[in-house]
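Undergrad: Predicted model, plus sequence, below.
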Amino acid sequence: MIHLDTNYLINLAVAGSPQTQRVDQWLAAGESLAASALVESVLEARVVPFDRATAVLAAELFNKTGRRRGSRFDCLIAAAAILAQAELATDNSSDFTPFIAHGLKLAV
């Protein structure tokens, strides 16, 4: 098992980052990943599960927004927010703008 620090988790949102590449390698090798319960406690146990509906919507978003290379995680994040009927807070709003036409709402 590999335990991820919060700075590692943050850098997973950056397409092509060394952290993203390394996590992809670990997952491909069958490693299990974990993070401190502190992350969950800050979010007050409101971690949205990744389920089949999220995967299906993420794939649809990927296809509907031009199959942009490096947008895989953005599609997953957008799908989770859409299904939770939640606004998405991001410092990278330009990465998520293509999803607005498909139901994503950005927090202002």
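TA: Looks like it arrived, so ask away. Note that this is a predicted model, so its numbers are computed, not measured.
Undergrad: so where do the strands sit in this structure?
TA: 2-4, 33-35, 87-88, 105-106 (DSSP state E).
Undergrad: Kindly state the pLDDT recorded for the nearest residue in space to A81 that is not next to it in sequence?
TA: When the adjacent residues along the chain are set aside, A81 lies closest to L88, with 4.3 Å between them (CB to CB, 6 or more residues apart in numbering). Every C-beta, even on glycine, is put in place using the N, C-alpha and C of the backbone. In this model, L88 is scored at 90, pLDDT.
Undergrad: Now do the contacts for L88.
TA: With contact taken as CB atoms under 8 Å, 6 or more residues apart in numbering, L88 is in contact with 77-78, 81, 96, 104-107.
Undergrad: ok, now how distant is it from L33?
TA: 23 Å (CB to CB, to the nearest Å).
Undergrad: and what of V56?
TA: To L33, V56 is 23 Å away according to CB to CB.
Undergrad: Would you mind confirming that F62 is in contact with S71?
TA: Yes: using CB atoms under 8 Å, F62 is in contact with S71, at 6.5 Å.
Undergrad: Nearest to Q25, out of the strands of the chain?
TA: Among those, strand 2-4 comes nearest to Q25, with 10.6 Å by CB to CB.
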